[in-house]
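> Here is the input, now give the coordinates:
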Amino acid sequence: MQKKEKREFKKRLNRRGSLKSEAEISNSKGLKLLCMTAAAVLITTASIQLAPNDTYTNPGVDYDTNFVVAHAGGALEEDGDELNYLNSLEGFYHYYAEGTRLFEFDLVFSSDGRLVGTHTYEYLDGYSMKNRIGYQEYKNTKIAGKFEGITEESLLALCKIFPECKFIIDTKEKDPTAVYYRIIDLAKQQDLDISKTILPFVSSKDMLLDLEKRYGFEEIMFTNYKNYYSTRQLLNIVKEFDKIRYVHIFPIDFFRVDIEKLNQHGIRVFAHMDKENFLRTALDYGCTGIFSDNISEKDFKEDHYSFLAKKLEIVQDQKMHERKVEMFYKKKESPELEF
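Residues are numbered from 1 along each chain as shown. Modelled structure (predicted):
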């Protein structure tokens with residue numbers, strides 16, 4: 001018997017090993033067709049759900065809004081290479097001059113219990129979370145051999161000198177709340193109001209409740225990168241805590257979180273764009289902010305705002321925008337920090 005004939009013969013056998021009746025053959029074909037139809041419907045439905053909307057609800061942004069967070073203080077170039085995760089003062093000054101007003105810094109405790117800027121001890125050879133650097137040594141060490149790393153002192157100095165900015169603090173400490181407690185205590189010692197300049201980066205309800213008891217921050221950014229909550233869970237959290245005005249997500253969430261529903265509640269969704277290549281995708285899915293290593297606020301408004309404005313159906317007045325750009329990007333000299 002040829003292979004083709006064998007295959008045809010097997011098709012005519014039922015589970016008992018005997019030949020199928022005409023009714024069984026007919027039912028088998030019908031079941032196969034039904035399965036194929038159901039699969040096609042599921043694929044089509046999933047494709048529709050995964051596809052971005054033509055337009056999204058505007059959660060309350062316009063041209064004057066700040067859209068970019070400088071990730072780890074912003075990347076800088078050195079000898080033709082882009083250096084990320086610097087957490088440097090030079091990064092702050094560079095991106096501030098380019099219109100950026102939102103900055104994320106990574107802070108961890110030094111060996112003597114003070115806060116220093118590092119993501120996972122990049123640029124600090126011989127040190128790690130298990131073998132921490134001392135505070136004074138950190139201050140005396142140039143990041144990547146050239147740049148001045150952020151410290152708890154310089155962070156509060158920036159809060160004082162640049163009240164128009166917001167500083168988002170991330171950490172790889174197991175207890176992120178302890179980092180905020182340290183910042184709060186230092187600010188109280190200096191009688192410094194950080195309720196508007198520090199934007200807590202919160203990943204759980206417990207952390208929200210702890211910070212709420214400790215200090216009256218004006219706004220909160222809730223990050224989804226540790227727990228990957230569903231749309232329903234995120235909506236329940238933002239409804240319960242009205243200080244949450246921003247949600248931070250990673251690109252995987254474009255396809256699993258309904259950004260439109262968050263927009264409808266006035267929540268701005270910021271996408272984590274370590275690299276540029278997904279930026280337009282983030283805006284296409286209704287995000288109204290990004291975390292970026294190397295895109296400044298000026299870059300965003302010049303290259304991407306028009307695209308976002310169409311998504312949000314914002315009426316644009318080009319001449320007014322040009323006047324605002326001219327005024328907004330007048331460079332401010334970087335002052336010496338006093339602490």
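
> CA only for contacts and neighbour counts going forward, please
Noted.

> partner residues bridging Val108?
Beta-bridge partners for Val108, by DSSP bridges, are Val116.

> State the pLDDT value of it.
pLDDT for Val108: 98.

> and the nearest residue to Asp170 once chain neighbours are set aside, what is it in contact with?
Excluding the flanking residues, the one nearest Asp170 by C-alpha to C-alpha, 6 or more residues apart in numbering is Asp106, at 4.8 Å. With contacts defined as C-alpha atoms under 8 Å, 6 or more residues apart in numbering, the neighbours of Asp106 are Ala72, Asn87, Gly117, Thr118, His119, Ile169, Asp170, Thr171, Lys172.

> Going by distance to Thr281, which of these wins?
Nearest to Thr281 out of the contacts of Asp106 is Ala72 (C-alpha to C-alpha; 22.2 Å).

> would you say that closest one is within a helix?
Yes. Applying DSSP: H, G, I helix; E, B strand; the rest coil, one finds Ala72 inside a helix.

> Check the gap between the residue nearest to Asp170 and Thr65 for me.
For Asp106, the distance to Thr65 equals 24 Å [C-alpha to C-alpha, to the nearest Å].

> Next: Ile220.
For Ile220, the distance to Thr65 (C-alpha to C-alpha) stands at 17 Å.

> Leu115 reaches Ile133, doesn't it?
No. Leu115 is not in contact with Ile133 according to C-alpha atoms under 8 Å; the separation is 10.4 Å.

> Which one's more surrounded, Ile220 and Thr65?
Each of Ile220 and Thr65 has its neighbours counted (other C-alpha atoms under 10 Å); Ile220 has more, 22 against 13.

> Spatially, and excluding backbone neighbours, which residue is closest to the more buried one.
Leaving out its chain neighbours, the residue that sits closest to Ile220 by C-alpha to C-alpha, 6+ apart is Ile244, at 4.5 Å.

> and that neighbour, how many residues sit next to it?
The burial count assigned to Ile244 is 22, neighbours taken as other C-alpha under 10 Å.

> same deal with Gly99?
Per other C-alpha under 10 Å, the neighbour tally for Gly99 reads 22.

> Grab the nearest non-local neighbour of it.
Once flanking residues are discounted, Gly99 sits nearest to Glu297: 5.1 Å by C-alpha to C-alpha, 6+ apart.

> What number of residues are in the vicinity of the one you found?
Residues near Glu297, counting by other C-alpha under 10 Å: 26.

> Would you list the phi and psi of it?
The phi/psi pair for Glu297 (degrees, to the nearest 10) reads phi -60, psi -40.

> Settle this for me: it is touching Glu98, isn't it.
Yes. Using C-alpha under 8 Å, Glu297 is in contact with Glu98, at 6.4 Å.

> which residues do those two both contact?
Listed as contacting both Glu297 and Glu98 by C-alpha under 8 Å, 6+ apart is no residue at all.

> show me the residues around the residue nearest to Ile220 that make contact.
Residues in contact with Ile244 (C-alpha under 8 Å, 6+ apart) are Glu219, Ile220, Met221, Phe222, Val238, Ile267.

> try it again with 6 Å
Going by C-alpha atoms under 6 Å, 6 or more residues apart in numbering, Ile244 touches Glu219, Ile220, Met221, Val238.

> Which secondary structure state does the third one sit in?
What it means is Met221. Here Met221 is recorded as strand under three-state DSSP.

> What segments of the stretch 51-200 of the chain are helices?
Using DSSP state H, counting those that start in this stretch, the helices of the stretch 51-200 of the chain run over 89-97, 135-140, 152-161, 176-189.

> can you list the residues that contact the longest one?
Here helix 176-189 makes contact (C-alpha under 6 Å, 6+ apart) with no residue beyond itself.

> Compute the inter-axis angle for it and helix 152-161.
Here helix 176-189 runs at an angle of 60 degrees relative to helix 152-161 (axes from the mean of the first three to the mean of the last three C-alpha atoms, to 10 degrees).

> what's next to stretch 210-226, contact-wise?
Outside stretch 210-226, the residues touching it (C-alpha under 6 Å, 6+ apart) are 195-196, 199-203, 243-244, 246-249.

> Just the buried residues of those.
Among the contacts of stretch 210-226, those classed as buried by 16 or more other C-alpha atoms under 10 Å are Lys196, Leu199, Pro200, Phe201, Val202, Ser203, Lys243, Ile244, Tyr246, Val247, His248, Ile249.

> Look up how far His304 lies from the fourth one.
So the one you mean is Phe201. Noted for Phe201: a distance of 25 Å to His304, by C-alpha to C-alpha.

> give the contact list for Lys196.
The contact partners of Lys196, by C-alpha under 6 Å, 6+ apart, come to Glu218.

> From Gly126, how far out is it?
Counting by C-alpha to C-alpha, the separation of Lys196 from Gly126 is 37 Å.

> Let me know the secondary structure of Leu209.
Secondary structure assignment for Leu209 (three-state DSSP): helix.

> State the pLDDT value of Gly17.
48.
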